[in-house]
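>>> Predicted structure and sequence below. I'll ask about it afterward.
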Amino acid sequence: MQGSISLSRKALIDRISVMTFVVAWTLMILRVATEMIAGTTGPVGLFVLLLGIVAGYLLADLLAGVAHWIADRFFERDTRILGPMLIAPFREHHDDPLEITRHDFFEVTGNNALITIPVVLLVAVFPISDGPLDHFLLTIGASSTLFLFLTNQFHRWAHMPVPPGPVRWLHATGLVLTPSRHARHHQGLHDRAYCVTSGWLNPLLDELGLFDRLERAFSSGRANERSDA
Ligand SMILES: [Zn+2]
Ligand SMILES: [Zn+2]
């Protein structure tokens, strides 16, 4: 009984989070569009817009990858606050990768909506001058928050045995995380291919060994602290 009550509360929070995100993001994009139409127009405006969208998409992939790496490699499922919100869902996903396909849109996107709302509000009130750089930054803000919100939906699609037709087209184009791109994460120790928005950054970050290097730096820092104590 207790479980069903907490599940209902979580479902309600997810729905409120998603609807609040959608309203806030829509208001924010109206402001961004108004500023851009009044300011940077023509070929320069189009270039700034496209560059900002791509940069925001890459930023979302990077941030999602960093959050995923932290959730997989640090803390425990019973860590206070972070445990149930962030750590447990990622660890449980390793145990049962198909469970995400049984969740509805609100459950899949609720947490990211809640976390992203403050950033959306910040972008909505960002003081800007009438120039390409500020418009570029606004576009990055709009793009990255939208794609962070959608990240777990992309992740879910990558696990679906038979995704809907339009999603199969997205997978064929490689525009979103593809099943093959994401499969590398579920092989072995789950210590590769952390980025789950587009997964475009995975080859680069894995080749650089970025997360391995950071982990080694953290563990040597901790060892030094222990030896100093
Ligand atoms: Zn993982
Ligand atoms: Zn997965």
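It's in. Numbering: from 1, shown residues only. Ligands and ions are numbered 1, 2, ... in the order given.
>>> now check stretch 60-67, is it near ligand 1?
No: contact of stretch 60-67 with ligand 1 (C-beta under 5 Å from the ion) is absent, the minimum separation being 10.1 Å. (C-beta placed from N, C-alpha, C; glycine too.)
>>> Need the residues that contact that stretch.
For stretch 60-67, the surrounding residues in contact (C-beta atoms under 8 Å, 6 or more residues apart in numbering) are 86, 143-148, 151, 194-202, 205.
>>> likewise stretch 166-175?
157-158, 160, 163, 176, 178-179, 181, 198.
>>> Looking at these, which one is closest to ligand 1?
Ala158 (12.3 Å; C-beta to the ion).
>>> Helix, strand, or coil at His185?
Of the three states, His185 takes helix under DSSP: H, G, I helix; E, B strand; the rest coil.
>>> List the contacts of it.
Per C-beta under 8 Å, 6+ apart, neighbours of His185: 192-194, 196.
>>> need the residues of the protein near ligand 1, please.
Contacts of the chain with ligand 1, taken as C-beta under 5 Å from the ion, map to 72, 190.
>>> tell me what the longest helix belonging to the chain is packed against?
Criterion DSSP state H: the longest helix present in the chain is helix 2-38. Using 3 or more C-beta pairs under 8 Å, 6 or more residues apart in numbering; DSSP states H and E as the contact criterion, the elements in contact with helix 2-38 are helix 42-73, helix 105-125, helix 132-159.
>>> The second one: which residues count as buried?
For helix 105-125, the neighbour count (16 or more other C-beta atoms under 10 Å) marks 106-117, 120-121, 123-124 as buried.
>>> measure stretch 68-82 end to end?
With C-alpha to C-alpha, to the nearest Å as the measure, the first residue of stretch 68-82 is 13 Å from its last.
>>> Give the buried residues for that stretch.
Neighbour counts over stretch 68-82 (16+ other C-beta under 10 Å) mark 68-73, 75 as buried.
>>> how about the spatially closest residue to Phe105 that is not a sequence neighbour, what does it touch?
Using C-beta to C-beta, 6 or more residues apart in numbering and skipping the chain neighbours, the partner closest in space to Phe105 is Gln153 (6.7 Å). If a contact means C-beta under 8 Å, 6+ apart, then Gln153 has 105, 108-109 as its contacts.
>>> before we move on, the earlier item: orientation of the longest helix of the chain relative to helix 105-125 in degrees?
40 degrees (axes from the mean of the first three to the mean of the last three C-alpha atoms, to 10 degrees).
>>> now helix 2-38: mean pLDDT?
In this model, helix 2-38 carries a mean pLDDT of 84.
>>> got the angle between it and helix 132-159?
140 degrees.
>>> Enumerate every residue touching Thr79.
Counting by C-beta under 8 Å, 6+ apart, Thr79 touches Ile87.
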